[in-house]
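> structural data only, the sequence is not supplied:
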DNA sequence: TTCACCCGTCGAAGCGCTTCGACAAGGGCG
DNA sequence: CGCCCTTGTCGAAGCGCTTCGACGGGTGAA
């Protein structure tokens, strides 16, 4: 292993000069800097992470807390992870993966031990047990998701409230008078997952504002669950002509269930989804949707966290405005 | 931050004794050990990762290389990741996530800098460009997947060759005389991904052995792709009564495509899948399948890597025997 | 009783890096 | 022309931990 003293010898300077030349924390003459850089290249030098991290410097590692709870949609979470890693690498950081395996205190462990410099927290609940931890140890963090009390925290998310409203606005604009929201599995709401709750709020508020009849039903995954929910909806809300679905793996089964019961999409029923664009586009009937920009959220989270680590000021909460893309699943009421 | 000297003072011993008491690398009397442990608990001490790794010890971090290439099935990969993290934590290690974002040399970087002690490599191809790297820098590694040349490497995988044979044996035993393998997307084969190739080998060998007519077709995802493959199959192999599918998201569309063309499962067509058990069980028709034990593979990989790090000898290649679970999608030929 | 040993513990020496204070050389100013 | 400040570099002091060699006191054997 080639170390900083090797580089120093090769460049004919002292180790400290090498360190300064590489970090730029003190002025170094151009000639020296170039010699150092040449030596680094020739020897293939790489700063040892261990050595760096306890001289008060950063480890250049971000932790990513991904509680793989039941009811979440795996591909979305994976997209977060991948985009976080990619964005982190672009900023010369690595990513440590934390799951729920060891409970919430993994977050504390990883930063207290200096393994990671900061943490990105996903799947945030309105009252999240991890918040006190994040607040107390004053450990740099960014949440993907917005809890009920976001003071003093840095959060990024799609504006799910606005997304809910946008869907209803669109459907109301098409003349629909009765809409339903088919949501995530019940456990997601029981946990009070922030984004799911916010979407319901927006949906309900917009439905009331437009004076629409509305219903909200959580729904598990699978054909049977979809069928059951559709039957229940048609019973409770016979005038139903529009549905918003916020449950990725349910989009196709839901369309099937409606069609089996004689309602064609979009002929008899208009459907909008809140899901990643590829899911919406690949559905049985391409679905008008508000995209969940998982990749962008991940990248933004990294960006914010790195800025925070460098001491720069960062905004409290960033809400990405929802954008609705029309596809084949929505039509004016009565064709 | 509480450090080892604090614990030492509190326990009335020297720092080195604390270190030994915690690591067990030298005998420490029971009384002392207990006092140290008490002090650790009371003070909430956690060994600083930087300090540790700087002094030549291990960082207790494993890197997980997950190239998110097109054509792979995301939930399976995620299951690997989650099980790796869980297993690693159980052995007091953390996991650093590497994607393809920075190319193959991320593996080298992460270990040379001492950030990680070893690496778990997934999505192994028969001629994998990462192999020379793994061999040359003599860096502890475990592959999930078996390349063409596995000498000197530690590999874990499902025995996909045997899995392919097992499926065909099962179908042949039911009296089927013409079988097809519907595989992963073409790009997976172009890359010469090890497990996909092995399955084809096993399938073909067993079909030949049983004297069955057979065909192998790669297939992309989506309803249209499924439909196209089914039409092609029925044209090329009109006597077809059995199919093996090795493509998770295609299981349902494939069943649908066959049924739309008038072939009922399992009445007219028997289907076996090679996929994780939940996928098979949740399909439109519960599918007889050989399970891909993603979680177990991940856990085993961690186990092997940790043993390797501790200097213990490890086996070269571990192939998990396939196990076929009968469900509703297979029946004797002609009912 | 003595000697040799082993067990349990300690002190000190690093690990590779960063950073602080010092210092030599050079330039601008009075 | 001398003084002081700047600029560029160096030496040395740690960071918190592990680990090596050493050492005191107890035990078993002679």
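Yep, it's here. Predicted model only: the values in this text are computed from it and were never measured. Numbering: from 1, shown residues only, chains lettered A, B, ... in the order given.

> which stretch of helix or strand covers residue A:110?
When elements are defined using DSSP states H and E, residue A:110 is found to belong to helix A:105-112.

> what do you get for residue A:273?
When elements are assigned from DSSP H and E, residue A:273 belongs to strand A:270-275.

> helix or strand with the lowest mean pLDDT in chain A?
Least confident helix or strand of chain A, by mean pLDDT, DSSP states H and E, is helix A:49-53 with a mean of 62.

> picking up where we left off before, who are the packing partners of the helix holding residue A:110?
strand A:61-65, strand A:94-98, strand A:118-121, helix A:130-136 (3 or more Cβ pairs under 8 Å, 6 or more residues apart in numbering or on different chains; DSSP states H and E). In short, each C-beta sits where N, CA and C put it, glycine included.

> mind doing that once more with 7 Å?
strand A:61-65, strand A:94-98, helix A:130-136 (3 or more Cβ pairs under 7 Å, 6 or more residues apart in numbering or on different chains; DSSP states H and E).

> what residue in the stretch 151-300 of chain A comes nearest to DNA strand C?
Ranked by Cβ to the nearest atom of the strand, the top residue of the stretch 151-300 of chain A for proximity to DNA strand C is residue A:154, at 23.7 Å.

> for residue A:211, grab the count of nearby residues.
The number of residues packed around residue A:211, counting by other Cβ atoms under 10 Å in any protein chain shown, is 9.

> now the nearest residue to residue A:162 once chain neighbours are set aside: how far from residue A:66?
Setting aside the residues directly before and after it, residue A:162 is nearest to residue A:322 in space (Cβ to Cβ, 6 or more residues apart in numbering or on different chains), at 5.1 Å. Distance check for residue A:322 against residue A:66: by Cβ to Cβ, to the nearest Å, it reads 24 Å.

> the more surrounded of the two?
Neighbours per residue, other Cβ under 10 Å: of residue A:322 and residue A:66, the larger number sits with residue A:66, 26 against 23.

> tell me the spacing between the closest residue to that one other than its chain neighbours and residue B:228.
The shortest distance from residue A:66 to any residue other than its chain neighbours is 5.4 Å, reached at residue A:122 (Cβ to Cβ, 6+ apart). Here the criterion is Cβ to Cβ. By it, residue A:122 lies 38 Å from residue B:228.

> the more surrounded of these two?
Between residue A:122 and residue B:228, counted using other Cβ under 10 Å, residue A:122 has the larger neighbour count: 24 against 15.

> quick one: contacts for the more buried one?
A:65, A:66, A:77, A:80, A:144, A:145 (Cβ atoms under 7 Å, 6 or more residues apart in numbering or on different chains).

> what's the answer for residue A:49, then?
When contacts are counted by Cβ under 7 Å, 6+ apart, residue A:49 is found next to A:59, B:53, B:113, B:114, B:115.

> try 10 Å
A:57, A:59-61, A:94, A:115, B:49-50, B:53-54, B:59, B:61, B:109-110, B:112-116 (Cβ atoms under 10 Å, 6 or more residues apart in numbering or on different chains).

> ok, residue A:4 - contacts?
With contacts defined as Cβ under 10 Å, 6+ apart, the neighbours of residue A:4 are A:14, A:15, A:16, A:17, A:18, A:19, A:22, A:40, A:45, A:47, A:48, A:51.

> typed the wrong thing, it's residue A:178
Listed by Cβ under 10 Å, 6+ apart, the contact partners of residue A:178 are A:171, A:207, A:212-215, A:233, A:237-243, A:333.

> pull out the buried members of these.
The neighbour count (16 or more other Cβ atoms under 10 Å in any protein chain shown) marks A:171, A:207, A:212, A:214, A:215, A:233, A:237, A:240, A:241, A:242, A:243, A:333 as buried among those.

> so residue A:216 is in contact with residue A:184, correct?
No - assessed by Cβ atoms under 10 Å, residue A:216 is found out of contact with residue A:184, at 11.1 Å.

> what about the two, which has more around it?
Applying other Cβ under 10 Å to residue A:216 and residue A:184 shows that residue A:184 carries more neighbours, namely 25 against 18.

> buried ones in the helix or strand encompassing residue A:232?
Here residue A:232, judged by DSSP H and E, is contained in helix A:223-236. If you call a residue buried by 16+ other Cβ under 10 Å, then helix A:223-236 has these buried ones: A:223, A:225, A:226, A:227, A:229, A:230, A:233, A:234.

> and the helices in chain A?
For chain A, the helices defined by DSSP state H occupy A:4-11, A:15-23, A:30-43, A:49-53, A:74-90, A:105-112, A:130-136, A:160-173, A:186-190, A:194-210, A:223-236, A:251-260, A:277-282, A:294-309.
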